[in-house]
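**Student:** Have a look at this prediction, sequence included:
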Amino acid sequence: MPEPDATTTFPLGHTPRPSTGDELADRVRSTVRDQVGGQVDVRRLQVRASLDGPDVPDLAIDLTGLVVAGARTAPPAPARVVVREREPGVVHRLTVDAHPVTVEGVAVDVRAEAEQVRFSWVEGVDGSLALELVEPTPDAPLVGTLRAAAPQTQLVAAIQRLAEQVAAGQGLKLTRLDVDLVSKGPRAVSVAVRAQLRKGILSATATGGANATIDDALVLTLSDVTATSGNPLVAAVLAAGRGRLQALEGRRIDLGAQLPAGVRIVDLRLDVGDDVVLTARAA
């Protein structure tokens, strides 16, 4: 049997396959624990599932209370499996909730739903068992919704922590950072940044900003990109980064073209207020 192209697989231990929804849920929890348990506290992870032959009528994953922080490494790629048997299945309803999950100090509230998610049960000649996702196609597209929300103050604090690391790498100390996000419509946002920097006994202010717009065809356009400082030393440090950003000025980046053929976003919205809220619908 020929091997498929590159796919996403989730190891589920060894054969035989789970015979009940509870057993499948236990296998999923074990996989998550094995993959990220050394870096993420997964004790609060909740999984519910039901089984109907090779199909999964319902799979619900609740990430509420999980905390992700610190340096992480990608889990090792699963060993190549010599397939003994492959049987198709469908997750009729998949839900992922997090109310919230905390990522790098940011409390992210997530609700995601998908329907008719195709996969295959894959059994190896070594007795291994895995779930292999089948990429959506135009004839069998992904259908689902996503809502992700996070407090703007926490997002800004996370940006500041990252900016402090970047500044330190340039021999500068970031003493203050103000970030102003303003919604310009359902798919447009402006960003204005003011930073106070110090090098030794010298201090300087740097300012920057940009506008980002996504049109109905999911094409992203950046405009009004700026990054400057009245201090010549800081201006020189900013020059390289400003050049890379300004190279994107007015460039149209087709986000939809980066998606698989079977994923078509028919509605996308970004709302900026006390919370930054991203909603999307695929059909």
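**Tutor:** Looks like it arrived, so ask away.

**Student:** Low-confidence bits of the protein, can you list those?
**Tutor:** Filtered on pLDDT under 70, the chain yields the residue ranges 1-7, 37-41, 70-79, 233, 237-246, 248.

**Student:** For the most far-flung residue of it relative to its centre, give me phi and psi.
**Tutor:** Here the centre of the chain is the reference, and by Cα atoms, centre = their mean the most remote residue is I201, at 40.2 Å. With angles defined as degrees, to the nearest 10, I201 shows backbone torsions of phi -90, psi 0.

**Student:** cool, R264 as well?
**Tutor:** Dihedral angles (degrees, to the nearest 10) for R264: phi -130, psi 110.

**Student:** separation between the residue farthest from the centre of the chain and V234?
**Tutor:** When Cβ to Cβ, to the nearest Å is the yardstick, I201 and V234 sit 14 Å from each other. C-beta here means a position set from N, CA and C on the backbone, and glycine is covered the same way.

**Student:** top strand in the chain by residue count?
**Tutor:** Using DSSP state E to define each element, the chain has its longest strand at strand 83-103.

**Student:** Give me the sheet partners of that strand and which way each runs.
**Tutor:** According to DSSP bridges, strand 83-103 forms sheet pairs with strand 55-62 (parallel), strand 67-68 (parallel), strand 106-124 (antiparallel).

**Student:** how about the helices in the stretch 151-283 of the chain?
**Tutor:** 152-169, 232-246 (DSSP state H, counting those that start in this stretch).

**Student:** Beta-bridge partners for P151, please?
**Tutor:** D275.

**Student:** surely it meets V272?
**Tutor:** No. Using Cβ atoms under 8 Å, P151 and V272 do not qualify as a contacting pair, with a distance of 11.5 Å.
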